[in-house]
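**Q** Return atomic coordinates for the entry below.
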Amino acid sequence: MTTSPMQRFEGKTVIVTGSSSGMGLATARRFAAEGANVVLNSRNRDDLEKVIGDFDKARVLIVPGDVSERDFAPSLVEQTVKAFGRLDVLVSNAGVATFGMLTDTDEDDIDTVIDVNVKGSLRVMKAAIPELAKTEGSIVCTSSVSGTGGDWLLPVYCASKGAVTNLVRAMALQLGEQRIRVNAVCPSLTRTQMADGVIENEPLKEQFMQRIPLGRAGEPEDVADVIAFLASDDARFVNGVNLAVDGGLSASNGQPNMAAYQ
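**A** Got it, this is the predicted structure:
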């Protein structure tokens with residue numbers, strides 16, 4: 001975790017969905033390090049129990065549940081406010097992916113990706129808005145570079161993250177009068193469980209490294225630090241932004257590195 005003397009979130013309360021591992025857990029840790037009360041969420045209670053020891057027990061709450069379920073989001077917000085009295089930041093991070101040709105993709109997998117990534121984001125936002133309006137709070141979504149451009153074998157995931165990317169823009173417009181800011185991070189290859197198949201495949205990983213100017217995969221903390229910035233008053237006039245956290249990947253127009261052929 002990035003060491004920071006800042007305490008930008010002292011006395012504030014943050015929900016981070018999908019926070020038992022990866023970017024979500026790194027984000028929860030970052031907010032906790034800056035003084036926030038943190039609500040951890042994932043579908044599996046055991047996974048949350050394994051990581052809760054990293055947090056101050058007086059400033060953490062675990063709420064297991066599936067954000068894609070229609071009745072869960074209101075319960076998540078209700079439990080948060082009951083425990084800490086307020087809600088200042090929602091980090092909508094929970095996400096899943098399915099890989100392959102669309103013609104070979106199972107209908108249940110399509111439903112799961114759309115339900116979690118799109119409907120889950122919509123539902124947690126809808127539930128959180130009344131409480132965020134009271135605190136003039138902030139929403140940060142985890143989108144992806146796959147939400148701003150296409151991938152070869154991730155059609156359903158790209159569709160879902162494209163929806164999140166434009167949802168952020170729409171909600172920034174809708175919630176501005178309530179002084180609720182809405183932004184997103186768009187990571188590229190990052191060392192998480194979802195990316196294991198790429199990280200562990202050396203030839204494929206090398207192809208990624210050729211496209212990322214900084215020459216490495218992102219770490220969960222790289223993304224967490226940007227999420228904390230977007231949620232903070234340091235970004236008080238940043239709204240409706242889908243911010244690439246991709247090591248420079250999106251700086252390219254897609255053409256090959258001609259220097260390699262000189």
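**Q** CA only for contacts and neighbour counts going forward, please
**A** Will do.
**Q** where does I52 land in three-state SS?
**A** Under DSSP: H, G, I helix; E, B strand; the rest coil, I52 falls in the helix class.
**Q** Next up, the contacts around it.
**A** V60, I62 (CA atoms under 8 Å, 6 or more residues apart in numbering).
**Q** Tell me how far the residue nearest to K12 when sequence neighbours are not counted lies from V16.
**A** Using CA to CA, 6 or more residues apart in numbering and skipping residues adjacent in sequence, the residue nearest K12 is A36, 5.1 Å away. Per CA to CA, to the nearest Å, A36 is found 12 Å from V16.
**Q** And the strands in the stretch 1-150 of the chain?
**A** Under the criterion DSSP state E, counting those that start in this stretch, the stretch 1-150 of the chain contains strands at 13-16, 37-40, 60-62, 89-92, 138-142.
**Q** Same list, these, but as a markdown table with mean neighbour count and mean pLDDT please.
**A** Formatted as a markdown table, these follow (neighbours: other CA atoms under 10 Å; pLDDT from 0 to 100):
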| stretch | mean neighbour count | mean pLDDT |
| --- | --- | --- |
| strand 13-16 | 27 | 98 |
| strand 37-40 | 28 | 98 |
| strand 60-62 | 21 | 98 |
| strand 89-92 | 27 | 98 |
| strand 138-142 | 27 | 98 |
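**Q** Redo those as JSON lines? Include distance to L167.
**A** Formatted as JSON lines, the strands of the stretch 1-150 of the chain follow (distance: least, CA to CA, whole Å):
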{"stretch": "strand 13-16", "distance to L167": "18"}
{"stretch": "strand 37-40", "distance to L167": "23"}
{"stretch": "strand 60-62", "distance to L167": "27"}
{"stretch": "strand 89-92", "distance to L167": "12"}
{"stretch": "strand 138-142", "distance to L167": "9"}
